[in-house]
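>>> Sequence and predicted structure, then a few things I'm wondering about:
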Amino acid sequence: QVQLVESGGGLVQAGGSLRLSCAASGRTFSRAVMAWFRQAPDKERKFVSAIRWSSGTSIYADSVKGRFTISRDNAKNTGYLQMNSLKPEDTAVYYCAAGGLLSPTAQTYNYWGQGTQVTVSS
């Protein structure tokens, strides 16, 4: 079992930055993948980014490439999503997820956090 706790959301103006954190606990995370998804009101949950914990290999949605950076701290068992040049359309609840495949598909992730709200004002 893996527990995931997100933090770092908030309200920011367009063009600003936020860094989300996802603290993982429970069974070993060494061979897992951590991902970020987001869900805007009345919209389906969408993939943002994912990182393979062991190698640091990462993938991104086209909408965030060049603006968002995913990373992890092995010692702290914590993943991060650095979000720069934020736009109003980035407003959503951001969810951290863990699974075994480096994939943009939500169904491949077994564990989910509770979500953290990110609001970008124009």
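Structure's in. What do you need?

>>> rest of the way, CA atoms for contacts and neighbours
Fine.

>>> in what helix or strand does the residue nearest the centre of the chain lie?
Centre of the chain computed as the mean C-alpha position; nearest residue by Cα atoms, centre = their mean is residue 36, 2.5 Å away. Of the helices and strands defined by DSSP states H and E, residue 36 is found in strand 33-39.

>>> by contact count, what packs against that strand?
Of the remaining helices and strands, those touching strand 33-39 by 3 or more Cα pairs under 8 Å, 6 or more residues apart in numbering; DSSP states H and E are strand 46-52, strand 92-99.

>>> and it, how far out from the chain's middle?
Counting by Cα atoms, centre = their mean, to the nearest Å, strand 33-39 is centred 4 Å from the centre of its parent chain.

>>> Adjacent strands (with direction) for that strand?
Taking DSSP bridges as the criterion, strand 33-39 forms sheet pairs with strand 46-52 (antiparallel), strand 92-99 (antiparallel).

>>> Let me know the average pLDDT across that strand.
What strand 33-39 shows for mean pLDDT is 97.

>>> next one: stretch 96-105
On average, stretch 96-105 scores 95.
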